[in-house]
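Visitor: mind looking at a prediction? Sequence and model below.
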Amino acid sequence: MASKPGILTDWPWTWLGNFKYIVLAPWAIHSTYSYLVKDKSERDLSQFMIFPFLLSRMLHNQIWISLSRYRTAKGTNRIVDKNIEFEQVDRERNWDDQIIFNGLLFYLGQKYIKAAHHLPWWRTDGVIWTALLHIGPVEFLYYWLHRALHHHFLYSRYHSHHHSSIVTEPITSVIHPFGEHIAYFALFAIPLLATLWTGTASLISFSGYITYIDFMNNMGHCNFEHIPKWVFSMFPPLKYLMYTPSYHSLHHTQFRTNYSLFMPFYDYVYRTMDKSSDTLYETSLLRSEEATDVVHLTHLTKPESIYHLRLGFAYLASEPQRSKWYLWLMWPVTLWSMMVTWIYGHRTFVVERNIFKHLKLQTWAVPKYTIQYYMQWQKETINGMIEDAIMEADDKGIKVLSLGLLNQEEGLNRNGELFIRRHPELKLKLVDGSSLAVAIVLNSIPKGTNQVVLRGTLTKVAYSIALALCKGGIQVFVMHEDEYKKLKGKLGSESGSNLVLSRHNLPKTWLVGDGLSENEQLKASKGTVFIPYSKFPPKKMRKDCLYNTTPAMLAPKHLENVDSCENWLPRRVMSASRIAGILHAVEEWNVHECGNMMFDIEKIWKASLEHGFRPLTDSKMN
């Protein structure tokens, strides 16, 4: 929102929320129906193609979003180092409003302007006129409109909304109040209307011109430099005809320089070009991949989780993972992406970068879904990918690699122990965060509790929790005899005296892991608190019970560049494994924590609090 919002700030369909696309539905349905039922001689391809063209624009924008986020996470050729936070993601979530607006105007124009009916695919003269009119009137008028928008009166009411994003993303290019977009469309309509009135318009000139605008807008705001120097060396005048991402980034950091649309020519003419433009361009091109201290290794969960990745849909990534009805419409794409990961997904990729004090952090994703981790025939492939990632991180001098969700199936690689045995010379340390997970669960148990239920797959986290509770005089109830025997054998006679085998009269605090059945949840008393100790949350079956999140903590403010959620966790909440990796690096604990190895539970809990991480509940054990 601008600092002093002017008239026509909000889009007319803002009140519709996620249902805003219904404003286009009647037009799209009518044009499709008309094209299908009319005789071939009466069909109007120019009307029918509007909706597919709008979809192609959305895909074009999404490709730029994913590419930009991937490149800036790696650090190669990154221009501005400042951080993006949730506030910017929320402000830029309506980037598709301008596509809806354009679509409505295209439909109206096609309906009421006779010259827009039955456009040919191509006319050379129309393409030439479109280019000339853009180079001349459009670029010139935009330059002066842009300077006017930086006058304090218009800037405070309109353009300041766009400049709230100092670190730009591709979609920043279209984040403006509604009134400002009206002015831009009127400007860009000059070549379109001129070619219609002269009878030289074509489908290619229309779609090509809008695609050119989208491409240049996205490129100029992508925050990584990728225009090679040889392009300008081969044709020196090009520097006046085409801007670069670094050129436009200076407009967002300096505000009163580099006003031009896509052609720096007018900045040269009116002496508003930033003097550091050439220097920033060259230094950005030379910038190599960023050195990293800690890597968090994770993977895809459900099929639709690909959209929740930071490289996926930006706004979905900024919210905890949950099912969205409209993602069912994406199932053809989802299925295709699953097939790609099954066939070609053999290498991890960077999805996020963060800063914690002096540490540089990255998150790498293994392109495999949770279900694949339980398939025997996928075991070798997945272990190979994890091993390759570990070796790559070791070669890059990374200090700590946290294993994230990757060890939910202990039979896969024995909680990472397989890699330690294969590569005893590893310089980096593997951390699975088990000790911090135990500490978080213990400190989540309501104060005054003297009995708990332990139910789920018995992992090393479960054994450690049971041991700590029994030693602390808290009775631990288990519901299955085989689990009781396993725990009894691990706890010993003294601690094992607080272990109880029972399926009845169960306490109201349940510590749960993978394997908790729906039927077992139904046996819990009303008001039961479910506290997960596994890395995956249980399915919420009871509305009369409370469900804690998986072991996680709230991140401190000095964890920077946080603009996405970690799987199902709330904003700025991090999993135990991810936090543990940071703590091992910042405290310089030169030890592994994987396999059957556990770190000091009290020590890592104390360190997490000292470094600003906070529990999600204030309740504590006695």
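Guide: Nice, I can see it. Just so it is clear, the model here is predicted, and its values are computed rather than measured. Residues are numbered from 1 along each chain as shown.

Visitor: now stretch 591-604 - C-alpha only, CSV.
Guide: Output in CSV follows, covering the C-alpha atoms of stretch 591-604 (Å, rounded to 0.1, in the frame of the first residue of the first chain):
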residue,chain,number,x,y,z
VAL,A,591,30.9,-33.7,16.1
HIS,A,592,28.4,-35.7,14.1
GLU,A,593,24.9,-36.3,15.3
CYS,A,594,23.4,-39.1,13.2
GLY,A,595,23.0,-42.8,13.3
ASN,A,596,22.6,-43.9,16.9
MET,A,597,24.6,-40.9,18.1
MET,A,598,22.8,-38.3,20.4
PHE,A,599,24.1,-34.9,21.4
ASP,A,600,23.8,-33.6,24.9
ILE,A,601,20.0,-32.7,25.2
GLU,A,602,20.4,-30.1,27.9
LYS,A,603,23.3,-28.5,26.2
ILE,A,604,21.6,-28.0,22.8
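
Visitor: so what touches that stretch?
Guide: The contact list for stretch 591-604 (C-beta atoms under 8 Å, 6 or more residues apart in numbering) reads 403, 407, 414-417, 419-420, 429-436, 438-439, 442, 460, 464, 468, 580, 583-584, 589. In short, each C-beta sits where N, CA and C put it, glycine included.

Visitor: give the buried residues for it.
Guide: Under the neighbour-count criterion of 16 or more other C-beta atoms under 10 Å, stretch 591-604 has 592-595, 597-599, 601, 604 buried.

Visitor: from the residues you listed, which land in helices?
Guide: Counting by DSSP state H, the buried residues of stretch 591-604 place 601, 604 in helices.

Visitor: of the buried residues of stretch 591-604, closest to S56?
Guide: C594 (46.3 Å; C-beta to C-beta).

Visitor: how close does the closest residue to the closest one other than its chain neighbours sit to P5?
Guide: Nearest residue to C594 in three dimensions, chain neighbours excluded: G416, at 3.4 Å (C-beta to C-beta, 6 or more residues apart in numbering). Counting by C-beta to C-beta, to the nearest Å, the separation of G416 from P5 is 53 Å.

Visitor: now do the helix or strand containing V351: distance to the chain's middle.
Guide: In this assignment (DSSP states H and E), V351 forms part of strand 349-356. Taking C-alpha atoms, centre = their mean, to the nearest Å, one finds the center of strand 349-356 at 11 Å from the center of the full chain.

Visitor: and the chain, what are its domain boundaries?
Guide: 14-286, 294-435+555-615, 447-553 (the TED database).

Visitor: let's have those in CSV, adding mean pLDDT.
Guide: As requested, the domains of the chain are exported to CSV (pLDDT from 0 to 100):
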stretch, mean pLDDT
domain 14-286, 95
domain 294-435+555-615, 90
domain 447-553, 91
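
Visitor: returning to that earlier point: distance to G496 for the buried residues of stretch 591-604 - can I get that in a markdown table?
Guide: Converted to a markdown table, these look like this (distance: C-beta to C-beta, whole Å):
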| residue | distance to G496 |
| --- | --- |
| H592 | 29 |
| E593 | 26 |
| C594 | 27 |
| G595 | 24 |
| M597 | 23 |
| M598 | 19 |
| F599 | 24 |
| I601 | 20 |
| I604 | 26 |
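
Visitor: helix, strand or coil: sort out Q110 for me.
Guide: helix (DSSP: H, G, I helix; E, B strand; the rest coil).

Visitor: how close does Y155 sit to F349?
Guide: In terms of C-beta to C-beta, Y155 sits 39 Å off from F349.

Visitor: longest helix anywhere in the protein?
Guide: helix 50-74.

Visitor: next SSE after that helix?
Guide: helix 86-91.

Visitor: can you give me the buried ones in that next one?
Guide: By neighbour count on 16+ other C-beta under 10 Å, the buried set for helix 86-91 is 88-89, 91.

Visitor: for stretch 223-232, same thing?
Guide: Quick answer for stretch 223-232 (16+ other C-beta under 10 Å): 223-225, 227, 232.

Visitor: which of those fall within helices?
Guide: Using DSSP H, these in helices are F232.

Visitor: make CSV out of the buried residues of stretch 223-232 and add distance to N18.
Guide: Putting the buried residues of stretch 223-232 into CSV (distance: C-beta to C-beta, whole Å) gives the following:
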residue, distance to N18
N223, 28
F224, 30
E225, 35
I227, 36
F232, 44
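
Visitor: tell me the one of the buried residues of stretch 223-232 nearest E566?
Guide: N223 (22.7 Å).

Visitor: look up how far T76 lies from that closest one.
Guide: As judged by C-beta to C-beta, N223 and T76 stand 12 Å apart.

Visitor: cool, L501 as well?
Guide: 58 Å.

Visitor: likewise P191?
Guide: 36 Å.

Visitor: now the element after the host helix or strand of I420, going C-ward?
Guide: Take DSSP H and E as the rule and I420 turns out to sit in helix 417-422. Using DSSP H and E, the next helix or strand after helix 417-422 towards the C-terminus is strand 429-431.

Visitor: now for that next one, which elements pack on it?
Guide: If contacts are counted by 3 or more C-beta pairs under 8 Å, 6 or more residues apart in numbering; DSSP states H and E, strand 429-431 sits against strand 400-402, helix 576-586.

Visitor: isn't Y240 up against F262?
Guide: No: if you go by C-beta atoms under 8 Å, Y240 and F262 don't touch, sitting 11.1 Å apart.

Visitor: the stretch 151-300 of the chain: helices as residue ranges?
Guide: Secondary structure of the stretch 151-300 of the chain (DSSP state H, counting those that start in this stretch): helices at 152-154, 160-163, 178-197, 203-220, 229-234, 238-241, 245-254, 265-269, 277-286.

Visitor: which of the ones you listed has the highest mean neighbour count?
Guide: helix 245-254 (a mean of 22; mean count of other C-beta atoms under 10 Å).

Visitor: CA atoms of that one as PDB?
Guide: Extracted in PDB, the C-alpha atoms of helix 245-254 (Å, rounded to 0.1, in the frame of the first residue of the first chain):
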ATOM      1  CA  PRO A 245      18.800  -6.100 -14.500                       C
ATOM      2  CA  SER A 246      21.600  -4.300 -12.700                       C
ATOM      3  CA  TYR A 247      20.700  -1.100 -14.600                       C
ATOM      4  CA  HIS A 248      17.200  -1.100 -13.300                       C
ATOM      5  CA  SER A 249      18.100  -2.400  -9.800                       C
ATOM      6  CA  LEU A 250      19.800   1.000  -9.300                       C
ATOM      7  CA  HIS A 251      16.400   2.700  -9.700                       C
ATOM      8  CA  HIS A 252      15.100   0.700  -6.800                       C
ATOM      9  CA  THR A 253      18.100   1.400  -4.500                       C
ATOM     10  CA  GLN A 254      18.800   5.000  -5.600                       C
END
